[in-house]
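Enquirer: Next comes the sequence, and after it the predicted model I'd like to discuss.
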Amino acid sequence: MRLAVFGAGGMGATHASAYAAFGKKEHVEIAGIVSRSAPKARALAKRVNAPWFTDPQKILRDESIDAIDVTTPSGLHRPLVVSALALGKHVFCETPVALTLRDADAMIDAARGNRRILMVAQVMRFVADYQRARQEAASGKLGSLGSSWRGAWPARTGPRNDRDRSASTANRSSSSRFTISTSRTGSWAGRVRSWRTACRVRAGSRSMRWSRWNIGTGVPSSRDLR
């Protein structure tokens, strides 16, 4: 399989390194690293022995490429993902998949309409610890699970919290925490009656966030910890 990675930041580097490790053993070839930043694209491409580009169209219109891995900021996902699917490529997309439901739906519709695979990187449900938690919950040995919650973590400030392009700390982290909660209980969105989160970001200080999902109870709770 020939694939290209869109984005040369932290996640782009993580994904590209994994593909490079697969190499010929898994029949994976990195056809290109794409970034708006030529220095970043060049540096990552050198690490994984691949060509680099700043124009995504050169990759999207290359019929020899089978798939695209999108690791750009979430606000940029929709145009890249929809274009790749329309041009016959499968897509692996980092989380959060989008900043709006409209963008997420457009990507799903494009995958269905073009009969291509769109997979979102909700990888936490495949982690052994969480798989074991789901098995225990499904067995019924511990009774019925009524709610699932996640503790606090430091909030970030800076350009990654730019609403126009990137997901906030709460959105980035909550997308993974939410899928863990639903996979742990065997419940999907239709059974989550309500979900509310809160995040406070203050310049020059560290802010903490705490959130809780109540599966099927309709009793949300969320608060900030400073």
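Expert: Thanks, I have the structure now.

Enquirer: Give me the contact list for stretch 10-20.
Expert: The contact list for stretch 10-20 (Cβ atoms under 8 Å, 6 or more residues apart in numbering) reads 3, 5-6, 8, 28, 30, 33, 35, 44, 47-50, 69, 71-72, 92, 94. To be clear about C-beta, it is placed using only N, CA and C from the backbone, and glycine gets the same treatment.

Enquirer: and this protein, what are its domains?
Expert: 2-121, 124-225 (automatic domain parsing).

Enquirer: ranking those domains by mean pLDDT, which is last?
Expert: Set side by side, the domains of the chain differ in mean pLDDT, and domain 124-225 is lowest with a mean of 54.

Enquirer: residue boundaries of the helices in the protein?
Expert: 10-22, 38-48, 56-60, 77-86, 101-114, 128-139, 169-185 (DSSP state H).

Enquirer: Can you check which of those gets nearest to residue 122?
Expert: helix 169-185 (4.3 Å; Cβ to Cβ).

Enquirer: before we move on, the earlier item: just say which of the helices of the chain is most tucked in.
Expert: helix 77-86 (a mean of 22; mean count of other Cβ atoms under 10 Å).

Enquirer: Who are the packing partners of that helix?
Expert: Using 3 or more Cβ pairs under 8 Å, 6 or more residues apart in numbering; DSSP states H and E, the elements in contact with helix 77-86 are helix 56-60, strand 67-70, strand 90-93, helix 101-114.

Enquirer: need those in CSV with distance to residue 22, can you?
Expert: Output for the helices and strands packed on helix 77-86, formatted as CSV (distance: least, Cβ to Cβ, whole Å):
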stretch, distance to residue 22
helix 56-60, 19
strand 67-70, 12
strand 90-93, 13
helix 101-114, 23
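
Enquirer: Out of the ones you listed, flag the one nearest residue 124.
Expert: strand 90-93 (15.4 Å).

Enquirer: now the helices of the chain in CSV, with distance to residue 122?
Expert: Converted to CSV, the helices of the chain look like this (distance: least, Cβ to Cβ, whole Å):
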stretch, distance to residue 122
helix 10-22, 14
helix 38-48, 24
helix 56-60, 24
helix 77-86, 14
helix 101-114, 13
helix 128-139, 11
helix 169-185, 4
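
Enquirer: The helices and strands packed on helix 77-86: which one's closest to residue 83?
Expert: helix 56-60 (5.4 Å).

Enquirer: list the helices and strands that closest one packs on?
Expert: Using 3+ Cβ pairs under 8 Å, 6+ apart, helix 56-60 sits against strand 2-6, strand 29-34, helix 77-86.

Enquirer: For the first one, list the C-alpha coordinates in PDB.
Expert: Output for strand 2-6, consisting of C-alpha atoms alone and laid out as PDB, is shown next (Å, rounded to 0.1, in the frame of the first residue of the first chain):
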ATOM      1  CA  ARG A   2       1.200   3.500  -0.900                       C
ATOM      2  CA  LEU A   3       0.100   6.200   1.400                       C
ATOM      3  CA  ALA A   4       0.900   9.800   2.200                       C
ATOM      4  CA  VAL A   5       0.800  11.700   5.500                       C
ATOM      5  CA  PHE A   6      -0.700  15.200   5.700                       C
END
